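kindly return the folded structure for what I paste below:
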Amino acid sequence: MPAIKPRIAAAALGAALVAAGPAAADDRAVVERFYSDLLTTPADATPEAVRAVVAEDWESTPTPLGGPGAEGLVNTLAAFGQLIPDLAWQPQEILRDGNRYIVRGRATGTPVGPFFGVDPATGKSFDIMSIDIHTVEDGRIVRSYHVEEWATAIQQLTAE
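Presented below is the predicted three-dimensional model:
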């Protein structure tokens with residue numbers, strides 16, 4: 001009889017993983033869309049596309065330059081889209097812990113105007129790393145913590 005308990009436990013665990021599978025896959029797709037639909041070519045990101053990925057009251061630390069919530073992200077993406085028209089942001093690694101996703105990303109682009117004190121634009125490009133932690137609830141990102149290597153970008157843009 002003792003062999004039955006491990007089989008029951010394994011069956012229960014398997015059922016739980018199968019039940020969580022589609023939801024986790026959908027949540028991962030939302031996180032991937034954050035990069036493909038919003039951060040890469042941000043000038044093309046519509047307010048509807050933003051609201052399909054992040055909750056209206058999305059919390060971001062630090063707060064985007066355009067302000068808080070989904071509206072702030074819309075404003076930030078519009079500004080970045082004008083300043084860095086070729087911006088591309090690609091996940092290099094995505095780790096999951098429940099409904100939280102840790103993303104090591106790579107951002108590349110060439111600013112066409114003043115950028116973090118580099119004025120005038122140098123015509124040079126940057127290639128930096130970012131680390132983000134996203135929490136997904138009800139099919140949208142509700143909270144993000146992010147760190148980007150902007151100091152490295154400035155060094156690359158001003159290098160001789």
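
what ranges do the helices span in this protein?
Under the criterion DSSP state H, the chain contains helices at 4-33, 47-53, 69-83, 150-158.

let me know the average pLDDT across the first one.
Taken as a whole, helix 4-33 carries a mean pLDDT of 64.

equivalent analysis for stretch 151-160, please.
pLDDT averaged over stretch 151-160 gives 95.

ok, residues contacting it?
For stretch 151-160, contacts defined as Cβ atoms under 8 Å, 6 or more residues apart in numbering pick out 111, 115-118, 122, 124-129. (Each C-beta comes from the backbone N, C-alpha and C, glycine too.)

go on, stretch 64-76?
Contacts of stretch 64-76 (Cβ under 8 Å, 6+ apart): 38, 42, 45, 47, 50-51, 54-60, 63, 77-79.

buried subset of these?
Using 16 or more other Cβ atoms under 10 Å as the burial test, the contacts of stretch 64-76 include 38, 42, 45, 50-51, 54-55, 58, 60, 77 as buried.

quick one: residues contacting the closest residue to residue 80 other than its chain neighbours.
Of all residues not flanking residue 80 in the chain, residue 42 sits nearest, at 4.7 Å (Cβ to Cβ, 6 or more residues apart in numbering). For residue 42, the residues meeting the contact criterion (Cβ under 8 Å, 6+ apart) are 76-78, 80-81, 84, 87.

whichever of those end up buried, select them in ChimeraX.
Selecting only the buried entries of the contacts of residue 42 in ChimeraX, with 16+ other Cβ under 10 Å as the criterion:
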select :76,77,80,84,87
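
of the contacts of residue 42, closest to residue 26?
residue 77 (22.8 Å; Cβ to Cβ).

residue 48: how many residues sit nearby?
8 (other Cβ atoms under 10 Å).

buried set for the top strand by length along the chain?
Criterion DSSP state E: the longest strand present in the chain is strand 126-137. By neighbour count on 16+ other Cβ under 10 Å, the buried set for strand 126-137 is 126, 128, 130, 132-136.
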